[in-house]
Every structure is written in C-alpha cells, then in structure tokens.
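Enquirer: Can you look at this prediction? I've put the sequence above it.
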Amino acid sequence: VMSGAEQYYVGVDVGTASVRAALVTGDGLVKTRAEESIHIWQPRPEHYVQSSTDIWAKCCSTVRKVTEGVDRARVRGIGFDATCSLVVLDKSFQPLAVDVDGQKDRNVIMWLDHRASEQAVRITGTGHGVLRAVGGVMSPEMQPPKLLWLKENLRGSCWEEAAHFFDLPDFLSWKATGSLERSLCTLICKWTYSPETGWDHSFWTSIGLEDLLADNYSKIGAHASCPGSPLGQGLTEQAALEMGLNTGTAVAASLIDAHAGGLGVIGADVKGNDLPCERQPITSRLALICGTSSCHMAISESPIFVPGVWGPYHSAMVPGFWLNEGGQSATGKLIEHVVTGHAAYPELREKAEARGENVYTALNTRLRELSQDAPPDLLTAHLHVWPDFHGNRSPLADPTLRGTVVGLSLSHSLDDLALLYLATVQSIALGSRHILDTMREAGHDISTLFLCGGLSKNPVFVRAHADITGLPVVLPREPEAVLVGVAVLAACASRDCGSIQEAMGKMAKVGKIVQPNTEYQSFYDKKYKVFLRLVDHQREYRALMRD
C-alpha cells in the first residue's frame, strides 16, 4: 500500500543507444522503469550521429510510461543526464544537419564521434592555459574540436546557420523548461568553461572560433548553474503535456551521464560494512561508471592535477569538491566487439538462447567449467590484451594507440572465445589499475571502489576489478544507480533536499560488497608488468616503422 504522502522523483538517463526513465522514491528505490532505443547513424567512418527530435520523443514516452497511474502532484521533480554529445539548432530552435548529406533531423554529433581528431591535435598544439584542466591534451570527444570541425567543413550549411550549440544534457533541460541556462557540469568538463572566470576569450580566438564570443557567448551558453539547481519556472506547458506531468514541476540543471552515476554511488552511507572508507572522508572513494565506455571519478578537497586525467573541475559533480575524471574510451563496447566478432559467436549465442541466458552469463559459466571450479583467473597466463582499440583516454591521453592481443593460437573454438573474453575483461581492470596508480602518484588517497553501470552487473568484471586493484568493490543496492543519481538532482531542484550531499545520503544505498582475493596478487602483479610493457612495445614498433 502506498503511503498517502509518498513523494516521487523522475530520473531520465540518455545513454549512447537508449533512453531510460525511472520513478524513484525519496529513499532511492526505483519503483518503475522504462527504456526505449534511440537511432544511431554512421554516415562514414568515425562519424556517429543522432537526432535530438528522436531523443526528446523517447524521453517523453519513457516518462509517460513510468508515471502512468501516479498522482501527478506527487511527482516533485525531474532530472536529466545524457552523454556529452553536441546538439546543433538554428535561430528558430530547429535542427541543423551535422554531416555533408544534409539530413536536418540528424543534428547531434555523438560523444564517441572522432571526426575532429585532427582539430583536437591542433588545439592541443596551441598549449593554451585552459588545457591544463584537461590533462594538457584536448580530446576529440570534447566540444571545441567538434565546433571547429563544423566551421571548417560545413561552414555554409551548418556553422553560419547555427544559433545554439548545446551539450545534450543542456538541450534536454532547455526542452523541458525553455531555460537557456547551462549546467556547470557540461560547460566545465567538455567546453573549457571556468567556474571562477567563465569563458576564456583568448582560447576561442586562438583556435579560430572568435565568432562564439558574440552576444556574450549566447550560442554556447551565457549563464551556467550548479547541477541540481531548479531551472526556469519548471516544466513548460508544452513539455508537461508531452510528458503527462504538471506544468511547473521542478526541473534540475543536468549532469553528464557518468557524473550522474557518480552521484548514485559515491555518497552512500557505508556504516557497518567494515569498509576502509567508513572512517575516511568521501575523498577516499572512487566512483567507476562502466558502460559502453568507463569513467573513473575521484574527488578531492583541493585541486589535484593528474597527468592524462581530466580536471580538476570545481563542483562539476559533488558541489564544493574538485573532480578528477579518468576514463577508458571503449570498455563495454570493446568486450562486445571482441565477443561478437569471434568465429564462435553464433554457437555461443545459440547455447545462451537455449538456456534462456545472456551471452556473458554463458561465457562466465564456460570459464568456470574450463577451470574445473577453481577461479578461472590463471587461465590467461599467456594471453595478454592491451585494450585501447579506440585510443587511450587515461592516463596516457593518446588517441592514436591501438589494441594488442598476444598469445593467439589457430583455434577458434568456444573455449578460445571464453579465454579471449576473460583476457579482455582483465585488461580493462588492468587499465583501471593504471589510472588509479597515476591518481595516487598525483596525491589522491583512494581506498574503496564504487561501481555502477551496465558492466557492474557482470560478476567476472566486478571480481577482476577487486582482485587486480586490490581494493574492495561496493555495488549499489539499486542496480540502476545512474537513475538514482539523476533523481538526486530532482530531489534538489524540488527543494525537498537542501543539498546534493543530503540527497545522496538519503538515496544512495550499499548493496553487495566484493573483497579482493589476495591469493592472485602475485599473478596479477605479473600481468600488470606485461600490461605496461605492451604499450612500451607498441611505441617502439611505431618508432621502428617511422625510422
């Protein structure tokens, strides 16, 4: 029986391939959830585009589904998170094509689109001061190189017609409220905005985008507010109608999707679980959000500069704390690539379907069988993977690096696939260890990992992270922690909670805890030595081919 006064928050999470919405209670329980896929087009290599019209329609339909039959007055607020894709609109707020084929509705350059790699290299080459906050290297996944690409390649059809460039999370809050206010999270993390000094005129001018200075930067955002701040007058009449909610329902300033995952786990009350971080400040926790790609979110009380890691960004995730953001460009996407591209994949899929389970559960079972019920870790003593098939985001910040597999045989059996899958998962965890080591050397003191996102539902992935980093891994009670994180924003915007910290404490809860198994420490220490050699060797091969 629902209590008479139960209050709800709606969280909307726009991921790479789908929109998910949830109805969340004040203590962080997901009551109902809905998901719809969104279109991705790949007009040419390295170009990935979406449609903001399609994305918004799916936001509305999923919100209608999760709030069906609920008294609208009980829905106190709504929060959005999304991937940091780039949305382009004209002066009438209509979509503009971001590719040569000129299909207007395809007006979103996706976050993982690397078309602007060459522009990113040029921006890094300026050595401008704003780059200090992105580990010294401009990533092709940030917005300045993408904007520069549009100016250089689609000047007449797109650049000169464009009046509004939004990060996707800010597009959603604009669509909901009509407010052009941006989130500090998106502007600081992806656009080189400084919370202290605002936009840097000399930066945009030095890269050839001085046109953006016009009208107090109205095209990219004249005003920014803290994530969770209420925007405008809440839901507009039009948005309320499309979502089946009340006009004026509070709408929060948004977050990038990974940062919402961070809020969904990092502030959890851990009392009574015998974790090292229980008696330590929140800065001893690292949130690892692992889906298509992975983000490693560390917070500190004073700014820490970490080579190859983004930040420090003030208040970009938890207000009052500096954020450092490490990341791996392809993790879930890499595992899927390795598994689905293998000759034994059709056989694996058939077996999994016959048992009514997903392919990863089937692979995990096969690994247990292969190692005769001993943990399968040691099966990969002679199979090593360097996981940067899509370049290295952290800690090397080198998008030109590529993947390596050492130890292939002539077999392409199901067992061969299971081992390659395991070695790939281990390589991603070794990459996390590489990022953690770099953060520690720079001054972070991390004792506990908090995992969330799609890959955190895979026990082999979770166990590999505990054993390879030697740290306990905390999983959220609510597997959809990203949706809880975005509901935290809604609870703030509605003023039901006085701060993000208060809302996190009420809504983020601890689920399963996986302690590291020290038995494999020496095995993984050796694998880690090999892992670091793989990149040295790759660089040596490149040098040999250059000379």
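Expert: On my side now, so go ahead.
Enquirer: Show me where the stretch 151-300 of the chain has its helices.
Expert: Applying DSSP state H, counting those that start in this stretch to the stretch 151-300 of the chain gives helices spanning 168-177, 184-191, 201-206, 214-217, 237-243, 257-265.
Enquirer: quick one, which of these is nearest to V24?
Expert: Checking the helices of the stretch 151-300 of the chain against V24 by C-beta to C-beta gives helix 257-265 as the closest, at 10.1 Å. For every residue, glycine as well, the C-beta is placed using N, CA and C.
Enquirer: circling back to that earlier point, can you tell me which of the helices of the stretch 151-300 of the chain is most buried?
Expert: Mean neighbour count, computed with mean count of other C-beta atoms under 10 Å, is highest for helix 257-265 among the helices of the stretch 151-300 of the chain, reaching a mean of 32.
Enquirer: Which of the helices of the stretch 151-300 of the chain sits closest to P144?
Expert: Closest to P144 of those, according to C-beta to C-beta: helix 184-191, at 7.0 Å.
Enquirer: Give me the residues contacting the closest one.
Expert: 84, 133, 142-144, 167, 169-170, 193-195, 220-221, 224-227, 253-256, 259, 310-311, 313-317, 323, 325 (C-beta atoms under 8 Å, 6 or more residues apart in numbering).
Enquirer: List buried members of those residues by neighbour count.
Expert: 84, 133, 142-144, 167, 169-170, 193-194, 220-221, 224-227, 253-256, 259, 310-311, 313-317, 323, 325 (16 or more other C-beta atoms under 10 Å).
Enquirer: Strands - which of those residues land there?
Expert: If you go by DSSP state E, those have 167, 224-225, 255-256, 310-311, 313-314, 323, 325 in strands.
Enquirer: From those residues, pick the one nearest P276.
Expert: L323 (21.4 Å).
Enquirer: Quick one: the helices in the stretch 1-150 of the chain, in order.
Expert: With DSSP H, counting those that start in this stretch as the criterion, the stretch 1-150 of the chain has helices spanning 52-67, 117-125, 143-153.
Enquirer: Quick check: buried residues in the shortest one?
Expert: Meaning helix 117-125. Applying 16+ other C-beta under 10 Å to helix 117-125 flags 117, 119-120, 123-124 as buried.
Enquirer: Make CSV out of these and add pLDDT.
Expert: CSV is the format used below for the buried residues of helix 117-125 (pLDDT from 0 to 100):
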residue, pLDDT
S117, 95
Q119, 98
A120, 97
I123, 98
T124, 96
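Enquirer: Tell me the pLDDT of the residue nearest the centre of the chain.
Expert: In the chain, the centroid-proximal residue (C-alpha atoms, centre = their mean) is A258; its distance is 3.3 Å. Looking at A258, its pLDDT is 94.
Enquirer: Sticking with Y360, tell me its helix or strand.
Expert: helix 359-370 (DSSP states H and E).
Enquirer: how about that helix: buried residues?
Expert: 359-364, 366-367, 370.
Enquirer: Let me know the closest of these to D467.
Expert: Nearest member of the buried residues of helix 359-370 to D467, counting by C-beta to C-beta, is L367, at 14.1 Å.
Enquirer: That closest one: what's its closest spatial neighbour, skipping adjacent residues?
Expert: The shortest distance from L367 to any non-neighbouring residue, by C-beta to C-beta, 6 or more residues apart in numbering, is to P376 (4.1 Å).
Enquirer: Which residues are in contact with the one you found?
Expert: With C-beta under 8 Å, 6+ apart, P376 has these contacts: 367-368, 370, 422.
Enquirer: Those: which two are farthest apart?
Expert: R368 and L422 (10.9 Å).
Enquirer: Against L378, how distant is F523?
Expert: Using C-beta to C-beta, to the nearest Å, F523 is found at 6 Å from L378.
Enquirer: Show me which of the two is the more surrounded one.
Expert: Neighbour count, other C-beta atoms under 10 Å: between F523 and L378, F523 has more, with 15 against 11.
Enquirer: Let's verify the more buried one: helix, strand, or coil?
Expert: Counting by DSSP: H, G, I helix; E, B strand; the rest coil, the backbone at F523 sits in helix.
Enquirer: which ones are touching it?
Expert: 377-378, 381.
Enquirer: low-scoring pLDDT stretches of this protein, where are they?
Expert: Confidence mapping of the chain against pLDDT under 70 gives the ranges 1-5, 373.
Enquirer: Which helix runs longest in it?
Expert: Ranked by residue count and defined by DSSP state H, the top helix of the chain is helix 414-442.
Enquirer: Can you point out the buried residues in it?
Expert: Neighbour-count burial for helix 414-442 flags 414, 416-436, 438-439, 442 (criterion: 16+ other C-beta under 10 Å).
Enquirer: Report the angle between it and helix 359-370.
Expert: 100 degrees (axes from the mean of the first three to the mean of the last three C-alpha atoms, to 10 degrees).
Enquirer: picking that back up, let me have the ones in strands among the buried ones among the contacts of helix 184-191 in TSV, extended by distance to K527.
Expert: Compiled in TSV, these are given as follows (distance: C-beta to C-beta, whole Å):
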residue	distance to K527
D167	38
A224	43
S225	45
L255	35
I256	32
W310	27
G311	29
Y313	32
H314	37
L323	30
E325	26
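Enquirer: so which two of those residues are the farthest from each other?
Expert: Largest separation among those by C-beta to C-beta: S225 and W310, giving 21.0 Å.
Enquirer: Now L235: closest residue in space that isn't a chain neighbour?
Expert: Spatial nearest neighbour of L235, excluding adjacent residues (C-beta to C-beta, 6+ apart): T249 at 4.6 Å.
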